[in-house]
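Asker: Can you look at this prediction? I've put the sequence above it.
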Amino acid sequence: MFWLHLSALVLINAMIAALFVSSTAMRLPLLTRAQHAGAGEGAYNVWDLIAQVEAERDREIPEPPQFPDRDPDDEPTGRHHLRI
């Protein structure tokens, strides 16, 4: 029973140490690298996306064309428009 308790204690301490090391590595910028750093020529990054969204926001949206309620060439003649 002693060995079971000891091995459980060692495994739990190893997990705690692994969590501590991984969380410390995330906080130190020297140990981690940006996900898309050094993607090369023509890489699309966050700043390009932000600039594109701001450009779309600043661009004026053209008004949709307004169609007339009736055709100006279609003057009423008093006769039915359909011919048989």
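Answerer: Nice, thanks for sending it over.
Asker: residue ranges for the helices of this protein, please.
Answerer: Using DSSP state H, the helices found in the chain span residues 2-27, 46-58.
Asker: Adding distance to Asp73, write the ones you listed out as TSV.
Answerer: In this view, the C-beta of every residue, glycine as well, is placed from N, C-alpha and C. Output for those, formatted as TSV (distance: least, Cβ to Cβ, whole Å):
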stretch	distance to Asp73
helix 2-27	72
helix 46-58	39
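Asker: what's the closest of those helices to Phe67?
Answerer: helix 46-58 (27.0 Å; Cβ to Cβ).
Asker: thinking again about what came up before, same list, the helices of the chain, but as TSV with mean pLDDT and distance to Asp71 please.
Answerer: Shown next, in TSV, are the helices of the chain (pLDDT from 0 to 100; distance: least, Cβ to Cβ, whole Å):
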stretch	mean pLDDT	distance to Asp71
helix 2-27	86	68
helix 46-58	85	36
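Asker: For those helices, give me JSON lines that also has distance to Gln66 and mean neighbour count.
Answerer: Formatted as JSON lines, those follow (distance: least, Cβ to Cβ, whole Å; neighbours: other Cβ atoms under 10 Å):
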{"stretch": "helix 2-27", "distance to Gln66": "56", "mean neighbour count": "10"}
{"stretch": "helix 46-58", "distance to Gln66": "24", "mean neighbour count": "9"}
